[in-house]
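Undergrad: Have a look at this prediction, sequence included:
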Amino acid sequence: MTTPSRRERFRPLELLAFSGGAALVVGLVVLMSTRQFDITFIGAGIVFIVTLVVIAMLALVATPDDAEQTDIDGQTATSKSENAARDAASRELPPRGPDEGPTFH
């Protein structure tokens, strides 16, 4: 497994900064127009959350490049092999007797 690059590590921070910037702009506009702090914080909070959700949804829609697809395929293969090993181990367990734990009818 490779170590993520600096850009990959800071990607979530970029998304939060973009959402925070949008919330700050809306907060300043609302504060200058209404001069009420409660409405300002509500508007900025709503814009922050909506922007973050929209960016996350757009990130989910993006198609992965070749390196990401290879990583996804590797994780899927690892997951399938772990599930197969777990299933094989569960089939090797001896059947439980009537005195070995609760029974539900």
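TA: Everything's here; your move.

Undergrad: Okay, buried residues for the helix or strand hosting residue 25 please.
TA: For residue 25, the host element (DSSP states H and E) is helix 6-34. Judged by neighbour count (16 or more other CB atoms under 10 Å), helix 6-34 contains these buried residues: 19, 20, 22, 23, 26, 27, 30, 31. Where C-beta positions appear, they are placed from N, C-alpha and C, glycine not excepted.

Undergrad: The residue nearest to the second one when sequence neighbours are not counted: how many residues sit nearby?
TA: With CB to CB, 6 or more residues apart in numbering as the criterion, residue 20 has its nearest non-adjacent residue at 6.5 Å, and that residue is residue 48. For residue 48, the neighbour count with other CB atoms under 10 Å is 19.

Undergrad: which SSE is residue 48 in?
TA: Residue 48 belongs to helix 37-61 when assigned by DSSP H and E.

Undergrad: got a pLDDT number for residue 75?
TA: Confidence at residue 75, expressed as pLDDT, is 81.

Undergrad: what about this structure, any weak spots by pLDDT?
TA: Within the chain, the stretches with pLDDT under 70 are 1, 89-105.

Undergrad: Roughly how far does the spatially most central residue of it sit from residue 6?
TA: Geometric centre of the chain, nearest residue: residue 56, 8.3 Å, by CA atoms, centre = their mean. Separation of residue 56 from residue 6 (CB to CB, to the nearest Å): 21 Å.

Undergrad: Next: residue 79.
TA: 28 Å.

Undergrad: Please apply the same query to residue 31.
TA: 35 Å.

Undergrad: just residue 30 next, same as before
TA: Taken as CB to CB, the span from residue 30 to residue 6 is 35 Å.

Undergrad: same deal with residue 66?
TA: On the measure of CB to CB, residue 66 and residue 6 end up 21 Å apart.
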